[in-house]
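K.L.:
One predicted model, sequence on top.
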Amino acid sequence: MLSLDDHRERRLAALEAEDGWLNLTDRVELSGALQTLGSGQGAEVRLSCGPADLGVIDAARETLTTPDGQTHDFAASSSGFPQLRTAGLLLELHTVDNQPALRVRDLSRSRKAQLHYFPTDPAWIIRARWQALDTPVPQAVDQKGGATTTVQLTHTAHFSHAGQTVMLLATHWKGDKPMFVIRDQTSGHETYAASRFLIGEDAGQGEITLDFNRAFTPPCGFTDFAICPLPPRENILPFRIEAGERIRA
């Protein structure tokens with residue numbers, strides 16, 4: 001597991017990257033048909049920045065045909081979604097529940113951020129019980145900026161805090177590690193109101209490490225164009241977690 005300093009350094013680097021969350025300008029749903037793309041009034045997919053005419057986008061074939069008649073393919077990327085750089089923009093095809101959408105990032109925009117944290121507290125590094133379910137269980141998850149989606153639960157994490165028994169649902173996975181979407185009594189005050197994300201570490205032999213000093217603000221805390229899962233009822237905690245990322249110093 002990375003040291004906390006290295007973890008935070010990587011977190012900031014990812015946030016400030018070209019395909020991070022600080023330069024996202026648009027997210028527009030696409031149809032299955034060919035559509036004209038650009039910032040001009042006549043564009044079928046109207047963007048807030050860039051040239052008036054970017055060309056014709058084909059979401060099914062993952063291509064953009066520019067006004068000069070050349071066809072460019074969207075390519076696989078580390079984000080997991082196909083991307084294409086053109087005219088100073090980074091275009092990304094983002095599909096959720098079989099609905100394709102176009103994310104647009106303006107590469108000329110500033111991408112500097114300053115993250116704030118609670119003081120590091122070793123007491124919030126918890127070795128929890130990691131329980132595998134007998135069979136996967138479907139779980140409805142509401143999304144900020146989107147509809148409700150369904151995930152498959154395979155594990156739960158269990159621990160105690162201040163005499164209270166806690167069971168967290170691992171609703172998502174990131175880099176083959178379980179991700180917990182949580183809310184606590186700091187939410188909307190010191191931390192982002194909708195949720196924070198926490199990646200479980202060192203899962204194995206019925207235990208998992210939950211280091212709440214690594215809890216972080218989701219993408220929708222930085223842009224209105226992100227779709228983020230909201231916490232299930234079980235992950236809304238009745239106490240304060242004064243650890244991890246906060247929204248102000």
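P.N.:
Good, I have the coordinates. Numbers count the residues shown, from 1 in each chain.

K.L.:
phi, psi of the residue positioned nearest the centre of the chain?
P.N.:
When the chain is reduced to its mean C-alpha position, the nearest residue by Cα atoms, centre = their mean turns out to be Pro219, at 4.8 Å. Dihedral pair for Pro219: phi -50, psi -40, per degrees, to the nearest 10.

K.L.:
Contact partners for it?
P.N.:
Neighbouring residues of Pro219 by Cβ atoms under 8 Å, 6 or more residues apart in numbering: Trp21, Ala226, Cys228. C-beta: built from backbone N, CA, C; applies to glycine.

K.L.:
and those, which of them are in helices?
P.N.:
Using DSSP state H, no member of these falls in helices.

K.L.:
which outside residues touch the least confident helix or strand in the chain by mean pLDDT?
P.N.:
Among the helices and strands of the chain, strand 201-204 carries the lowest confidence by mean pLDDT, DSSP states H and E, at a mean of 91. Contact partners of strand 201-204, identified using Cβ under 8 Å, 6+ apart, comprise Met1, Trp130, His155, Lys177, Pro178, Ile208, Thr209, Leu210, Asp211.

K.L.:
Can you list the buried residues in the top strand by length along the chain?
P.N.:
Longest strand in the chain, counting residues (DSSP state E): strand 125-144. By 16 or more other Cβ atoms under 10 Å, the buried positions in strand 125-144 come out as Ile125, Ala128, Trp130, Val141, Gln143, Lys144.

K.L.:
now do stretch 225-239
P.N.:
Buried positions in stretch 225-239, judged by neighbour count with 16+ other Cβ under 10 Å: Phe225, Ala226, Ile227, Cys228, Pro229, Leu230, Pro231, Pro232, Asn235, Leu237.

K.L.:
Just name the closest of those residues to Gly55, please.
P.N.:
Comparing those against Gly55 with Cβ to Cβ picks out Phe225 as the nearest, at 21.3 Å.

K.L.:
which residues touch that closest one?
P.N.:
Contact analysis of Phe225 by Cβ under 8 Å, 6+ apart lists Leu24, Thr25, Asp26, Arg27, Arg103, Gly145.

K.L.:
on that earlier part again, among the buried residues of stretch 225-239, which one sits closest to Val166?
P.N.:
Relative to Val166, the closest of the buried residues of stretch 225-239 is Leu237; by Cβ to Cβ it sits at 6.7 Å.
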